[in-house]
Structure formats: C-alpha cells, structure tokens
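Engineer: requesting a structural model of the entry that follows:
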Amino acid sequence: TLDNVPLWDERPLLDTFGQIQEIRTYYDFVSVHNDRYRIDGQYRQIMLSARELNSASLPSASWINERLTFTHGYGVTLGPVNEVTPEGLPVLFVKDLPLKSSVDLTVTQPGIYFGELSNDHVFVKTATAEFDYPRGEANVFGSYGGTGGVEIDSFLRRLLFAIRFGSPDTLLSPNLTAKSRVLMYRRIGERVRRIAPFLVYDGSPYLSISQGRLVWIQDAYTTSRNYPYSRPAPGGINYIRNAVKVTVDAYDGNVVFHVLDDKDPVIATLARAFPTLFRPLADMPEDLRTRLRYPQGIFALQAAMFATFHMTNPATFYNGEDQWDIPTLEEGPQARPMSPYYTMMTLPGESGAEYIQMLPYTPRQKDNLAAWMVARSDGEHYGQLMVFQFPKQTVIFGPRQIAARISQDQVIAPQITLWNQQGSEVIQGSLLVIPIEESLLYIRPMYLRAANGRIPELKRVVVAYQNQIVMESTLDA
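Structural biologist: Below is the predicted model of the structure:
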C-alpha cells in the first residue's frame, strides 16, 4: 500500500507535464489519466497523459498547415504516482520526442489522430508530408499508414466534402490524390455519441497502451427515469448501470462497443436491436481488459445514495438518525466535497495490493470519520463495492479535522505562510485516507510554485497518524 501512495495530484501534474514535456506550443496535455501497469515485473500505479496537437496554437494557420501537415499529436508522458526527482519533479518512465522508455513498456504506434481535443477534420495520405515531431533544427515527417477515415477517390466525393466543409481547397488542391482520406469527428466524446446517442457517456475517457498502440477507453451507461420504487438522482435518472466499455484506437479511430454487464436488461434489448454494434467483453484484447477501471462518475453517484440507504432499520431510516455525508475540504475560498480517488492498497482480508477507488464518509453535520467505501477494479472483482464502518463509540478524526490540524500545526503552518510570502504559491494536494490493517494514515502532498511560474514542484509530504503530524521532504522520511 505504501509503495503506491499517489503523491501527484492530477491538476499540478498536468501543469508540470505541460511545462517539461509539451516541447512545442502546438502540443497540449488535456488531462492526466490514472491507471496501473505491470512494469518490470512490479504492479505499479501510474499517471499518463497524451501529447495532443492543438491546431489553434499553430504558428501559421494556413489550410495546408491545419488540414494536411499538422494532423496529429505524438506519444505520451508516463510516470509512477509515488516517485519524485531531487528537484521535486515527477519521475518519467516514458518521455520526450521521439519517445524514450526506461522500462519494459513501449509505444510502437505513437500517432494520436483521435483524442480529447476538438480538432476539426484533416486529410491524410496526401502529397504533403505530415509533421511527426521536432528534432533539433529540422523536423521529422511521415505519412499516415492506417485505415481510418473516408476515401475521397472521386470528383463527386471531393465536391460533396468541399460543400460539407465550405472549403474550395478541398475541391481544387493538387495535394489531394485518389488515395487521400479525410478523418472526421476526431474528438472521442463526439465520435461515440454520433454512433450510439442512446447511451450516456462518462465525462472522462482515459488512455491506455495496448500491444504498443494507444487506445482510448470510454465508459458508457444505460439509464432510465422510470425504474419503479427508486429515488431519482440529480438529473432525474433513477436507474444506471456501467453496461458498456467503448474502445477507440487513437491512430485509426476504430470504435468498438463491448458489453460489460450482460445482465442489464436495457443493454440486452439494445443488443438485439443493433446486433452488429455490440460485442462481448471476451473480444477485447486481454491487456486492455486489465486496464478497465470502475468509473468515478457512477461511483460518486452510488456513494452519495449509499450515504442515506446504508440504514436498513426502518425507524432509523425514517428518522435519519445515521445519515452520512461526503466530507468537504476547503479549496481556496470555497469548501468542496471530496472526490473519489484511485489508489492501490491491500484491502482488509486480502493478501495483495489491488487497484481500487475509495471515498470516506462522515456522520451528518459532523467531521469525524464514519466509514469508507471502495470500488474494486481488478479481474473478477471488477465492480464490487465494499463499505468499512468504524465503531460509533470512538472518535476517528475525519479529513476536515486533519486538514484543520495541519493548518494549525506550530511547525507546518508558519512554513506554509513563509513560502506564500516569498513570491511562491503553496498548493495543497488531495488529502488521502490510507487504511493500513487496523490503522489510518492521512497523507497530503505539498507543491510549491513560483508566483510567475507554471511548474509546481513536490516539496513536502505531510503525514498524520493518530495524534502525530509530521512534514518531511519525502514520504519515506
């Protein structure tokens, strides 16, 4: 458990990736994805981000540059969640252009033609070489070798696409040949919705490495507002299942809908209506199946509902005597509910660490800890929810209480104030609740960023255990 404590938050890590790995202004890291891989024989939790091309940031916005030359992003940046360089920067296993890997994890097809950015259409297999990545004073160019897109091998098709795009160049440009193809709807969210608009999609697709290729995984839900005897959630739905996993190849754009929950009557009906659209989960490559994770969207919804419906005694339920809350923490001027977070830990009664998602509970209008809830993601345990309750006769410090004690600590508080007054900004990371056997560790990373800079550096780690609170340069210390 301690070997995989996530010391890097997604927000500061995204800024750091942007400063040390974007390389050029037209590359963008849109989001950071949390996952786990077996790397050099060890089961490790990692963070990775796709280096996508942002056509809005091109130095020269001509039709040839936007549509023919700068067509795709290139590669990923990947590192462990728990390692830091002496300078306070993340350790990177996969980095730079061209991609360099220091572990047994390789990307053989690094081109990203389909991703999270809402880039418009591009033409590939044209007479114009496509930009791959910068190298020194020169650039490396290549040509698309995939099967994605639509062929424009006739005058009629070029005319129709010219009308569709409002672009005379599409009809008249000599750079387009009979072998050229047009790639459209390249944003993952838009692409899957155009194919199956009757599903509800999670807001966070994430990137995985499968057989050397980059593949996006998009969670999809079946929902209803008409399930009997069920309380509606915010938004009106009262039935939801994570019934489908969608994979989208970042190079070819191939979209495959895999049925994850064949016991869901809604997806069973849709599968009969669209027999060629949905495939069984067994058709998914095995290494991709190990990448599946329980989505945060449905887990947060289930956790919010369970805060009330864990009460099974009718009188207790009616009076709301044992209502739970999601803990809130101050972020700037506002207090926000804690979000579920992914981590690797050995659950009580289990023999080894596994990849889970967890969220603590506090009693209604109280700050002490009442319980914590986990969603499992590995193997046959995928989707299992577990709740561990604390004895009601003892007070266990909750996240908000620990955060307050950190802010009041006679050693830590003056140091944070001093840093904030010296032209720097202290960013407090997520407060992590780490259960270890019969005990609880609270861990909070501290990042330091210059007032005019954009590179947050991990400088301190705060650990709270029972009545002790300490701050050191590393978690090991």
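
Engineer: which residue ranges of the stretch 251-400 of the chain form helices?
Structural biologist: 265-273, 286-289, 296-309, 314-319, 399-408 (DSSP state H, counting those that start in this stretch).

Engineer: list the contacts of residue 191.
Structural biologist: 114, 185, 248, 253, 255 (CB atoms under 8 Å, 6 or more residues apart in numbering). (Each C-beta comes from the backbone N, C-alpha and C, glycine too.)

Engineer: out of those residues, which are inside strands?
Structural biologist: 248, 255 (DSSP state E).

Engineer: wait, which of the contacts of residue 191 is closest to residue 430?
Structural biologist: Set against residue 430, the nearest of the contacts of residue 191 by CB to CB is residue 248 (28.6 Å).

Engineer: returning to that earlier point: got TSV for the helices of the stretch 251-400 of the chain, with mean neighbour count too?
Structural biologist: Converted to TSV, the helices of the stretch 251-400 of the chain look like this (neighbours: other CB atoms under 10 Å):
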stretch	mean neighbour count
helix 265-273	15
helix 286-289	14
helix 296-309	18
helix 314-319	11
helix 399-408	18
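
Engineer: out of those helices, nearest to residue 108?
Structural biologist: Closest to residue 108 of the helices of the stretch 251-400 of the chain is helix 286-289 (CB to CB; 13.4 Å).

Engineer: which strands and helices sit next to the closest one?
Structural biologist: strand 206-210 (3 or more CB pairs under 8 Å, 6 or more residues apart in numbering; DSSP states H and E).

Engineer: still on that earlier bit, can you pick the most crowded of the contacts of residue 191?
Structural biologist: The most crowded member of the contacts of residue 191, judged by other CB atoms under 10 Å, is residue 114 (27 neighbours).

Engineer: please read off the pLDDT at it from the model.
Structural biologist: In this model, residue 114 is scored at 95, pLDDT.

Engineer: what does residue 403 give?
Structural biologist: Here, the pLDDT recorded for residue 403 equals 88.

Engineer: now residue 332
Structural biologist: Model confidence at residue 332 (pLDDT) stands at 65.

Engineer: got the buried residues for the helix or strand hosting residue 123?
Structural biologist: For residue 123, the host element (DSSP states H and E) is strand 122-124. By neighbour count, with 16 or more other CB atoms under 10 Å as the criterion, the buried positions of strand 122-124 are 122, 123, 124.

Engineer: ok, those residues vs residue 68, which is closest?
Structural biologist: Closest to residue 68 out of the buried residues of strand 122-124 is residue 123 (5.6 Å), distances taken as CB to CB.

Engineer: pretty sure the closest one is touching residue 181, no?
Structural biologist: Yes. With contact defined as CB atoms under 8 Å, residue 123 reaches residue 181; the gap is 7.1 Å.

Engineer: any residues in contact with both of these two?
Structural biologist: Shared contacts of residue 123 and residue 181, defined by CB under 8 Å, 6+ apart, are found at residue 152.

Engineer: circling back: which single one of the buried residues of strand 122-124 is nearest to residue 236?
Structural biologist: For the buried residues of strand 122-124, the residue nearest residue 236 by CB to CB is residue 122; the value is 38.6 Å.

Engineer: apart from its chain neighbours, what residue comes closest to that closest one?
Structural biologist: With sequence-adjacent residues excluded and distances taken as CB to CB, 6 or more residues apart in numbering, residue 122 is closest to residue 71, at 4.2 Å.

Engineer: now the one you found: how far from residue 23?
Structural biologist: 17 Å (CB to CB, to the nearest Å).

Engineer: and residue 380, by the same measure?
Structural biologist: Distance, residue 380 to residue 23, by CB to CB: 42 Å.

Engineer: so which of those two has more stuff around it?
Structural biologist: Higher neighbour count among residue 380 and residue 23: residue 23, with 14 against 7, using other CB under 10 Å.

Engineer: quick one: secondary structure of the residue lying closest to that one once chain neighbours are set aside?
Structural biologist: Distances taken as CB to CB, 6+ apart place residue 97 nearest to residue 23, at 5.6 Å, with adjacent residues excluded. Assigned with DSSP: H, G, I helix; E, B strand; the rest coil, residue 97 falls in the coil class.

Engineer: can you pull out the strands in the stretch 251-400 of the chain?
Structural biologist: Per DSSP state E, counting those that start in this stretch, the stretch 251-400 of the chain carries strands over the ranges 255-259, 278-280, 324-325, 328-331, 334-337, 341-345, 354-363, 371-376, 385-389.

Engineer: out of these, which one sits most buried?
Structural biologist: Highest mean neighbour count among those (mean count of other CB atoms under 10 Å): strand 354-363, with a mean of 23.

Engineer: next, work out how far apart residue 234 and residue 297 are.
Structural biologist: Residue 234 is 12 Å from residue 297, where distance means CB to CB.

Engineer: equivalent analysis for residue 249, please.
Structural biologist: 23 Å.

Engineer: one more: residue 244?
Structural biologist: Here residue 244 is placed at a distance of 13 Å from residue 297 (CB to CB).

Engineer: hang on, the earlier thing: and of the buried residues of strand 122-124, the nearest to residue 389?
Structural biologist: Comparing the buried residues of strand 122-124 against residue 389 with CB to CB picks out residue 122 as the nearest, at 53.8 Å.

Engineer: residues in contact with the closest one?
Structural biologist: Contact partners of residue 122, counting by CB under 8 Å, 6+ apart, are 66, 67, 68, 71, 72, 113, 182, 183, 186.

Engineer: run the last query once more with 6 Å
Structural biologist: Counting by CB atoms under 6 Å, 6 or more residues apart in numbering, residue 122 makes contact with 67, 71, 183.

Engineer: now swap in residue 319 and tell me
Structural biologist: Residue 319 touches nothing, counting by CB under 6 Å, 6+ apart.

Engineer: surely residue 99 and residue 75 touch.
Structural biologist: Yes. Contact criterion CB atoms under 6 Å: residue 99 and residue 75 qualify, at 4.5 Å.

Engineer: the more surrounded of these two?
Structural biologist: The neighbour comparison of residue 99 against residue 75 (other CB under 10 Å) goes to residue 75, with 25 against 18.

Engineer: any idea how far the residue nearest to the more buried one when sequence neighbours are not counted is from residue 214?
Structural biologist: Of all residues not flanking residue 75 in the chain, residue 110 sits nearest, at 4.0 Å (CB to CB, 6+ apart). Taking CB to CB as the measure, residue 110 falls 7 Å from residue 214.

Engineer: I'd like the buried residues of strand 122-124 as JSON lines, with distance to residue 351 appended.
Structural biologist: Formatted as JSON lines, the buried residues of strand 122-124 follow (distance: CB to CB, whole Å):
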{"residue": "122", "distance to residue 351": "50"}
{"residue": "123", "distance to residue 351": "54"}
{"residue": "124", "distance to residue 351": "50"}
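
Engineer: got a list of what the residue nearest to residue 113 when sequence neighbours are not counted touches?
Structural biologist: Leaving aside its chain neighbours, residue 113 sits nearest to residue 72 (4.5 Å; criterion: CB to CB, 6+ apart). Residue 72 is in contact with 53, 111, 112, 113, counting by CB under 6 Å, 6+ apart.
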